[in-house]
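Participant: the sequence isn't on hand, but the structure is:
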């Protein structure tokens, strides 16, 4: 974090500093909305930045994302390396659309080369809003704290009906075994409901994931792949051409 962020999170500041931080945050949202307004319906892929292209998780993500892109979705990620790169790369492998919402960090902050469009965001909470806002499904690949944070953010919004009941697909059963066991424990003690166990799918099958997305994203929500929103020239908006 920057010094200004550390200071902001340390407690109440002067009214002027609180105001300017709020304005800065609003600016970040507007920046993100303008950059991503015409990208079409997305599937967001969460995962670690630390797996390179030789890793089995990278290869699986690249293959799965290619299949999702074939359905007509734009593949959205955090825009960085590792699993994020694999997802964006998979989309480009099949001529699909690829976007990133990159976080500005002292490390792992460079965007990957497989993006048609990306936006640089300072705050994690702003980035999470953008990753959720445009998505009709969420795919959770192996990752660390950040991946779990994004996963629980999405599934909490679905559970509390703040967003529609979009598919949440967790890949790699072995990697997520303890996570599933913990979720089962939460159900057993009454911390979540029995019905909450239906909010996500744990699988190793790309075909099963594709079928769930086809049924619960495309058919259920009447998905249209081209946005009906027209650009406003007076706002300097325009549809952008995707890279070949």
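Facilitator: Good, I have the coordinates. Just so we're clear, the structure is a prediction, and the values are computed from it rather than from any experiment.
Participant: in its sheet, what does the helix or strand containing residue 98 sit against?
Facilitator: For residue 98, the element it lies in under DSSP states H and E is strand 97-103. Using DSSP bridges, strand 97-103 pairs in its sheet with strand 74-77 (parallel), strand 117-121 (parallel).
Participant: what is the mean pLDDT for that strand?
Facilitator: Average pLDDT, strand 97-103: 93.
Participant: so how far is it from its chain's centroid?
Facilitator: 9 Å (C-alpha atoms, centre = their mean, to the nearest Å).
Participant: so for it, what gets flagged as buried?
Facilitator: 97, 98, 99, 100, 101, 102, 103 (16 or more other C-beta atoms under 10 Å). Where C-beta positions appear, they are placed from N, C-alpha and C, glycine not excepted.
Participant: residues touching the second one, list them.
Facilitator: Put plainly, it is residue 98. For residue 98, the contacting residues are 69, 74, 75, 88, 89, 91, 92, 114, 115, 116, by C-beta atoms under 8 Å, 6 or more residues apart in numbering.
Participant: switch the cut-off to 7 Å
Facilitator: Applying C-beta atoms under 7 Å, 6 or more residues apart in numbering, we find residue 98 in contact with 75, 88, 91, 92, 114, 115, 116.
Participant: narrow those to those in strands?
Facilitator: Mapping the contacts of residue 98 onto strands (DSSP state E) picks out residue 75.
Participant: sorry, back to before: go through the buried residues of strand 97-103 and name the one nearest residue 196.
Facilitator: Closest approach to residue 196 among the buried residues of strand 97-103 (C-beta to C-beta): residue 101, at 27.1 Å.
Participant: please tell me how far the closest one sits from residue 189.
Facilitator: Distance of residue 101 to residue 189, given as C-beta to C-beta, to the nearest Å: 35 Å.
Participant: can you check residue 116 too?
Facilitator: As for residue 116, its distance to residue 189 is 45 Å (criterion: C-beta to C-beta).
Participant: quick one: which of these two has more around it?
Facilitator: Between residue 116 and residue 189, counted using other C-beta atoms under 10 Å, the more crowded position is residue 116 (20 against 7).
Participant: residues in contact with the strand or helix carrying residue 169?
Facilitator: Using DSSP H and E, the element containing residue 169 is strand 168-171. Residues outside strand 168-171 that contact it (C-beta under 7 Å, 6+ apart) are 60, 64, 137-141, 154-155, 158, 176, 199-204, 209, 212.
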